[in-house]
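Engineer: Predicted model follows, preceded by the sequence.
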Amino acid sequence: MKKLLLTLLLLLVVLAAILFFKTSSFKTKQITAADGKRIDFPIDETAVKHLSEAVKINTVSFDDTAVVNQLAFDSFFIFLKTEYASVFENLEDTIINKRSLLLKWKGKNETAKPVILYAHLDVVPIEETTKEKWTHAPFSGEVADGFIWGRGTLDDKGSLISIFEALKKLQANHFTPARTIYFAFGSDEEIGGNKGAAAIAEYFRQQKATFEFYIDEGGMVSNGMVPNMTRPVALIGTAEKGYVTLELSVNLKGGHSSHPAKETALDVLVSAVKKIHDNPEERRTVETVNEFMNFIGPEMPQPLKTVFANRWLFKPLILNEYEKSGEGAALLRTTSVATVMNTGVKENVIPSLVSAKINFRILPDETSKKVTDRITQLINDERVKINIGEVYEPSHQSRTDTYGFNLLQRTCAEVFPDAIVAPFLMLGSTDSKHFQDLTDNTYRFFPVRMNSELVGTIHGIDERIGVKDYMESIAFYESLLKGLE
Ligand SMILES: [Zn+2]
């Protein structure tokens, strides 16, 4: 008995020693320690007016591209050329596919790989039923209560105009960047980017250009959005999930509902859909999610720091926490959800042709083909035909030990000294997918503070950007461009 107790005690001591050792060698990945103090940048009234004006020009993207208002895009370019004349004087501009804009700023070192800053200039429409619910009309660009209000302020004109403001300031100071920078502004991100980003990327492909890094929207300086973290976290998207929709269809004899066959087309379809629902993938953490923990963990209060430092022991515990929310669970597997069903015309007629669409969001360690193969095997029923709908493969997982990530981190330390930086996996999709083959280093980050309420206004009601936050965003891009080597 005594011996057993002694052994147990010894084991406990060894375990405690390992935990302690792992925790003390779990070093911060931050460049400078977050000091808790926010910088107060002076408010630039002209810059505020510019964003407000930009919001008023309703460059809305519609799924039906025939109804897109070309005039709005033309006025948007006139607005940019008028308000940022010095930028257009000094940079080379190209209009692509009538609605997208590319600017080239030649750097001092022409042999260094160029970089791209990207933003999209289209916005999503306003749902008719929600129009009345806005505090300030969605295309008013009103400035009130410390915010600039309207569609696009966060997604993504806030970023676009911040870039132009930074450019204008740098032009006024006769600044020349260390290396060549392209500023690319696509016109149809909200409907997939095929005319905008895809065409810009193709333009580069034809020139055989490759890039040191590419920056797009995606992450933000999040406030209160990372559980248990009291400091703001600058979330930089280093990967995004892929997308595939599979359409399952079954075609069996229909007929009168008074004498149904043992199994109808709808029965077969429903059991296939249920099978997919009941057999989610095993949970796992891809490289980007592990990296997120490596950046967040050392900054966590105790005992969480010990937990993150000892994932060899506590990983199931952490993943259980993640699984509690939809967003958290989506980081751990390729998700699937049934979104559309087409079946039946009359209550006393057995439908013969039925179909369902299942939307998958693919983790970066898989492909749409792997997902399709797995689902085909899982359903294992020849009566169920599987058609592949829209596909975006998941992005590659950009590294954090690169020149580009380091520059972003250094710039964050300058402009957001109160925040820590972390890479993260994006669940949604951005125009960056079109540039995948042009660079290994894709970072998705709009340097603006948001809490979950503000994030909820994107594509929703009362989208708005804090005036002070907008000043930080301008300062960020200015500092980023100055910091290029
Ligand atoms: Zn966007």
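Structural biologist: Arrived safely.

Engineer: What strands line up against the helix-or-strand element of the chain with minimal mean pLDDT, and which way round?
Structural biologist: Within the chain, no helix or strand scores below strand 255-256, which has a mean of 88 by mean pLDDT, DSSP states H and E. Take DSSP bridges as the rule and strand 255-256 pairs in its sheet with strand 349-350 (antiparallel).

Engineer: which residues touch the partner strand?
Structural biologist: Contact with strand 349-350 is made by Gly254, Gly255, His256, Ser257, Pro260, Ala261, Thr264, Ala265, Leu266, as judged by C-beta atoms under 8 Å, 6 or more residues apart in numbering. Placement of C-beta: from N, CA and C, glycine included.

Engineer: average pLDDT across stretch 46-58?
Structural biologist: The average pLDDT for stretch 46-58 rounds to 97.

Engineer: Just the C-alphas of it, formatted as CSV.
Structural biologist: Taking Å, rounded to 0.1, in the frame of the first residue of the first chain, the C-alpha atoms of stretch 46-58 are listed here in CSV:
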residue,chain,number,x,y,z
THR,A,46,-11.4,65.4,-44.6
ALA,A,47,-10.7,61.6,-44.4
VAL,A,48,-14.0,61.2,-42.5
LYS,A,49,-15.8,63.1,-45.3
HIS,A,50,-14.2,61.0,-47.9
LEU,A,51,-15.4,57.7,-46.4
SER,A,52,-18.8,59.2,-45.9
GLU,A,53,-18.9,60.2,-49.6
ALA,A,54,-17.7,56.8,-50.7
VAL,A,55,-20.5,55.1,-48.9
LYS,A,56,-23.1,57.2,-50.7
ILE,A,57,-22.1,55.8,-54.0
ASN,A,58,-24.0,52.5,-54.0
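
Engineer: And the contacts of that stretch?
Structural biologist: Contacts to stretch 46-58, defined as C-beta under 8 Å, 6+ apart, come from residues 69, 72, 75-76, 79, 83, 123, 139-143, 148-153, 157-158, 160-161, 164-165, 465, 467, 470-471, 474.

Engineer: thinking again about what came up before, from the contacts of strand 349-350, which would you call buried?
Structural biologist: Buried by 16 or more other C-beta atoms under 10 Å: Gly254, Thr264, Ala265, Leu266, out of these.

Engineer: List just the nearest of these to Arg283.
Structural biologist: Leu266 (31.8 Å; C-beta to C-beta).

Engineer: Just say helix, strand or coil for that closest one.
Structural biologist: Assigned by DSSP: H, G, I helix; E, B strand; the rest coil, the conformation of Leu266 is helix.

Engineer: just Gln171 next, same as before
Structural biologist: With three-state DSSP as the basis, Gln171 sits in helix.

Engineer: what residues are up against it?
Structural biologist: Ser86, Val87, Glu89, Asn90.

Engineer: Look up how far Pro232 lies from it.
Structural biologist: Going from Gln171 to Pro232 by C-beta to C-beta, to the nearest Å gives 31 Å.

Engineer: helices and strands around the strand or helix carrying Ile215, which ones?
Structural biologist: Secondary structure from DSSP states H and E places Ile215 in strand 214-223. Secondary structure elements in contact with strand 214-223, counted by 3 or more C-beta pairs under 8 Å, 6 or more residues apart in numbering; DSSP states H and E, are strand 115-120, strand 233-240, helix 403-415, strand 420-426, strand 442-451.

Engineer: In it, which residues are buried?
Structural biologist: Tyr214, Ile215, Asp216, Glu217, Gly218, Gly219, Met220, Val221, Ser222, Asn223.

Engineer: Surely Ile465 touches Val448?
Structural biologist: Yes: in this structure, Ile465 is within contact of Val448 by C-beta atoms under 8 Å, at 6.4 Å.

Engineer: Residues in contact with the helix ranked longest in the chain: which ones?
Structural biologist: Counting residues, the longest helix in the chain under DSSP state H turns out to be helix 2-24. Outside helix 2-24, the residues within contact range by C-beta under 8 Å, 6+ apart are Lys305, Thr306, Ala309, Asn310, Trp312, Leu313.
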